[in-house]
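Enquirer: quick one, structure for this:
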Amino acid sequence: MAGFLSRLLRLWLCDAAGALFICGGLVLWRGGLVVCFFNTLSPLPTADEWGAMVMRALQFDAKACAFLILPLLGCSVMGVIFKGRLRVLCLRLKRIYIGGVVALTHVLGFATLCFFQEYHAPFNGWVMGLFYDDIEAILWTVWQTYPVVWGALGLGLVSYISYRWLAYALLQLGEWFERIFCQASWKLLGGVSICFLIALIFALRGTWGHMPLKPLHVEVTANASLNAFVLNPYMALYFVAKEDALRKGAGGLESFWPSGDAREAFQYLYGKECDEDNGVGALLLCVAKGPKVKSKPRHIFLVVMESQDVWPMLPPYDALGLNPCLSALKLKGQSVEPFLSAGWGTMPSLAALIAGLHDADLNINYQPRSRQPYATSLAPLFKALGYKTRFIYGGYLSWQKVGEFCQGQRFDEVIGGGVMGKLAGTDWGVEDAVLFDYILGHTPDDTPTFNVIMTSTNHPPYPLTEGRLKEIGWAKTAMPEALAEIYDREVSLRILGHTFYADWAVGHFVERAERQWQDALFVITGDHNSRKFLNARPRLYERRAVPCIFYGPSVLGNVMLPYNAAGDHLDIAPTLIELIAPEGFRYATMGKDLFDPLAPRIGYGTEFIITPSFIANDKDGMPQSIFVGNAIVDVERLPDYRKRYNALRALSWWQVFGDN
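Expert: Predicted structure coming up:
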């Protein structure tokens, strides 16, 4: 008995030493992360906040490493029980496994650095793009953006050195443990084994408290930028995968509305009981009050611009001149300043716009239910208003099955970049100018059309050369003096030039289209924020908000937006319908008419809430004013706003998975 326990305990303690080594690797990679992105911390943390972050990070590291060594502990047990070839096989499997974990830890550490550079966060829902997005385009973008070859060589060398050092250390430790335990009694060995198992249990829970570590424990300080360093890549990926499975499973509704009762969520939102059996969509029906414009526009162009922020149009950044065309359209037309995109990425926002559902991380473009339109879907509503509906994208229709999704949502035409010319220059689509040229040349004069247009050029790996940018007027070689002090050079002027190009392309399109069809109406927004700024510390509004511009002087006439309008992508459809639909036209929507002076002044999207005075996270944290020095009003309503956002996502979930 003593011999068995002695051999087992020796192997287990060596496994624990390997776990400590891996934990040390996680700590070192986190340290590198903090050093590289220290400038993203705003405000600067206090000593107490640093201490709290480090302690919580170590707890998550212990939890990850405890799970990682479970296969090693199992192999150790079999290595003691079995003899001969089976014992040799078990020990060999242990060496292979620990070598793989060491290499994977370094790979994930490096990947976290790259991910953090783009998203200023640990692994989150964006990584699911590896399963849902165009993997070839993603890999090509990574290849062009990052030093893949040198990174791979460096990671290989570091992994090899780490493994060889660990193997030597474990060999020495094994001999030392053997000398210690060879003469120990079985009672002592049993006691040490029990202590080891108790420590393992606490490590697996991540704490000695009554509640195991959960995602909510990441928020260990009031400083959100500091909390971003808490999770190691293993735990971050685990939480992402678990949440994705939960959202798409039977328990997804409860993640937004704990009671799991969609009718209760409806009643909370709209103040009336949901006692019908016709589905949630039937309960979202609205009746148009009658057209606000004198004549219905011949063509409606809803332009969704890739990675278009609102910050380049703000007065503090006028000297840079990134968006002169959009700024001019905003002045001549109508603009909603506090405005959020529906999703974090292109497809979540597009799907929300097209289907009329709030983004709830459901990837509805892949769901079987989306083969048929929803009650809130755009295309059938505008077809009922007499328009030929078209979805036009400069990229591949196979990307995220966007073509199939739009066909399921009943667009009359679904057009991709393949018919516009050679899909060259970028893996994501033709140049925006080529896309707009195609639209101008293929929009009928005699048939009213409703067009959803998705651009693609302002996207990594940012393919436009400096020469191409100079052709269209972007020739800046230095940051203007007024902005030089806040510019940290992390985002090059060439990359910023892609924002200028996107602005130039849409501006020239509107100018030419307006000459061709004076009775056209344009709505311009961004699919999501660009995650690019002049430094690492933009305000929340500068980081999250996207534009929403209504332009068409001959159509809009004297129709004016309320001065304090606020909204999100789901408000665009009901706004357009209320502008042009005849009185009594019935439609379903989860949004509101932005031109209605009595409509709620609020927008929901990308897990944020925005009002005319503040922007706030949908879960916790203090709100931040839209502009520096502005007063924050109605902050006492923030808990209600957060609950309403969850109720809206619960109803969206129900329409995808539960509403028949």
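
Enquirer: skip the chain neighbours and tell me the closest residue to the residue most central in space within the chain.
Expert: What sits nearest the mean C-alpha location of the chain, by CA atoms, centre = their mean, is residue 344, with 3.5 Å. Spatial nearest neighbour of residue 344, chain neighbours left out: residue 606 (5.3 Å); criterion: CB to CB, 6 or more residues apart in numbering. C-beta here means a position set from N, CA and C on the backbone, and glycine is covered the same way.

Enquirer: the one you found: what's it in contact with?
Expert: 340, 341, 342, 343, 344, 359, 528, 529, 544 (CB atoms under 8 Å, 6 or more residues apart in numbering).

Enquirer: pLDDT check: weakest of these?
Expert: Note: of the contacts of residue 606, the lowest pLDDT belongs to residue 344, at 89.

Enquirer: quick check: that residue vs residue 608, distance?
Expert: 10 Å (CB to CB, to the nearest Å).

Enquirer: same check on residue 503?
Expert: Distance from residue 503 to residue 608, by CB to CB: 24 Å.

Enquirer: of these two, who's got more company?
Expert: Comparing residue 503 with residue 608 by neighbour count (other CB atoms under 10 Å), the higher total belongs to residue 503, at 27 against 22.

Enquirer: check which helix or strand the more buried one maps to.
Expert: Using DSSP states H and E, residue 503 maps to helix 493-516.

Enquirer: cool, and residue 49?
Expert: helix 47-68.

Enquirer: list of residues touching that helix?
Expert: Contacts for helix 47-68 (CB under 8 Å, 6+ apart): 19-20, 22-23, 26-27, 30, 45, 101, 200, 203-207, 213, 217-218, 220-223, 226-227, 229-232, 234-235, 238.

Enquirer: are any of the residues you listed buried, and which?
Expert: Using 16 or more other CB atoms under 10 Å as the burial test, these include 19, 22-23, 26, 30, 45, 101, 200, 203, 205-207, 213, 217-218, 220-221, 223, 226-227, 229-232, 234-235, 238 as buried.

Enquirer: for the residue nearest to the centre of the chain, which residues are in contact?
Expert: 125, 126, 359, 528, 606, 607.

Enquirer: so where do the helices sit in the stretch 451-600 of the chain?
Expert: 466-471, 481-484, 493-516, 540-544, 553-556, 572-580 (DSSP state H, counting those that start in this stretch).

Enquirer: how about the second one: buried residues?
Expert: Along helix 481-484, not one residue counts as buried under the neighbour rule (16+ other CB under 10 Å).

Enquirer: mind checking the pLDDT average for that helix?
Expert: 94.

Enquirer: which residues touch that helix?
Expert: By CB under 8 Å, 6+ apart, helix 481-484 touches 317, 319, 320, 478, 534.

Enquirer: make it 10 Å
Expert: Helix 481-484 has contacts (CB atoms under 10 Å, 6 or more residues apart in numbering) with 316, 317, 318, 319, 320, 478, 534, 535.

Enquirer: so, low pLDDT: which residues of the stretch 251-400 of the chain?
Expert: 251, 274-282 (pLDDT under 70).

Enquirer: go with 80
Expert: For the stretch 251-400 of the chain, the stretches flagged by pLDDT under 80 are 251, 272-283.

Enquirer: the strands in it, which residues?
Expert: 285-287, 299-305, 334-335, 339-340, 388-393 (DSSP state E, counting those that start in this stretch).

Enquirer: buried deepest among those strands, which one?
Expert: Mean neighbours per residue, mean count of other CB atoms under 10 Å, is largest over those for strand 339-340, with a mean of 28.

Enquirer: against which helices or strands is it packed?
Expert: Counting contacts by 3 or more CB pairs under 10 Å, 6 or more residues apart in numbering; DSSP states H and E, strand 339-340 packs against strand 520-526, helix 540-544, strand 548-551, strand 567-568, strand 603-605, strand 608-610.

Enquirer: now the strands: where do they sit in the stretch 551-660 of the chain?
Expert: Going by DSSP E, counting those that start in this stretch, the stretch 551-660 of the chain shows strands at 567-568, 586-588, 603-605, 608-610, 614-617, 624-625.

Enquirer: between residue 344 and residue 608, what contacts are shared?
Expert: With CB under 10 Å, 6+ apart as the test, residue 344 and residue 608 both reach residue 544.

Enquirer: contacting residues around residue 29?
Expert: 105, 106, 108, 109, 110, 112, 113, 232, 233.

Enquirer: how many neighbours does the fifth one have?
Expert: Look at residue 110: counted by other CB under 10 Å, it has 19 neighbours.

Enquirer: how much space between it and residue 603?
Expert: For residue 110 relative to residue 603 (CB to CB), the value is 37 Å.

Enquirer: mind putting the contacts of helix 481-484 into a markdown table with neighbour count?
Expert: Output for the contacts of helix 481-484, formatted as a markdown table (neighbours: other CB atoms under 10 Å):
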| residue | neighbour count |
| --- | --- |
| 316 | 14 |
| 317 | 20 |
| 318 | 16 |
| 319 | 13 |
| 320 | 20 |
| 478 | 8 |
| 534 | 23 |
| 535 | 16 |
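
Enquirer: and the furthest pair within these?
Expert: Comparing every pair within the contacts of helix 481-484 by CB to CB identifies 316 and 478 as the most remote, at 18.2 Å.

Enquirer: which ones among the buried ones among the contacts of helix 47-68 map onto strands?
Expert: If you go by DSSP state E, those have nothing in strands.

Enquirer: all helices for the stretch 1-150 of the chain, in order.
Expert: 2-36, 47-68, 70-81, 85-119, 129-132, 135-145, 148-181.

Enquirer: can you say which of those helices is nearest to residue 512?
Expert: Evaluated over these, closeness to residue 512 peaks at helix 135-145, with 29.8 Å, by CB to CB.

Enquirer: average pLDDT across that closest one?
Expert: On average, helix 135-145 scores 68.

Enquirer: i'd like the first residue to be 38 from this point on
Expert: From this message on, residue numbering opens at 38, which makes the last subject helix 172-182.

Enquirer: so which of the strands of the stretch 288-437 of the chain is nearest residue 628?
Expert: Going by CB to CB, the one of these nearest residue 628 is strand 322-324, 9.7 Å.

Enquirer: in its sheet, which strands sit next to that closest one, and in what direction?
Expert: strand 623-625 (antiparallel) (DSSP bridges).

Enquirer: part of a helix, is residue 442?
Expert: Yes. Under DSSP: H, G, I helix; E, B strand; the rest coil, residue 442 falls within a helix.

Enquirer: what's the distance between it and residue 388?
Expert: From residue 442 to residue 388 the distance is 7 Å (CB to CB).

Enquirer: who has more neighbours, these two?
Expert: Higher neighbour count among residue 442 and residue 388: residue 388, with 27 against 24, using other CB under 10 Å.

Enquirer: in PyMOL, how would I select just the buried ones from the contacts of residue 381?
Expert: Buried residues within the contacts of residue 381, by 16+ other CB under 10 Å, are selected in PyMOL with:
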select buried, resi 162+396+565+643+644
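
Enquirer: redo the contacts of residue 381 as CSV? Include distance to residue 94.
Expert: Formatted as CSV, the contacts of residue 381 follow (distance: CB to CB, whole Å):
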residue, distance to residue 94
162, 21
163, 21
396, 30
565, 29
643, 26
644, 22
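
Enquirer: pick the one among the contacts of residue 381 closest to residue 426.
Expert: residue 396 (21.5 Å).

Enquirer: gap between that closest one and residue 583?
Expert: The value you get for residue 396 to residue 583, if CB to CB is used, is 14 Å.

Enquirer: which neighbours do these two share?
Expert: 378, 379, 386, 605, 606, 642, 643.

Enquirer: in CSV: these, plus distance to residue 596.
Expert: Output for the shared contacts of residue 396 and residue 583, formatted as CSV (distance: CB to CB, whole Å):
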residue, distance to residue 596
378, 24
379, 24
386, 26
605, 20
606, 21
642, 25
643, 29
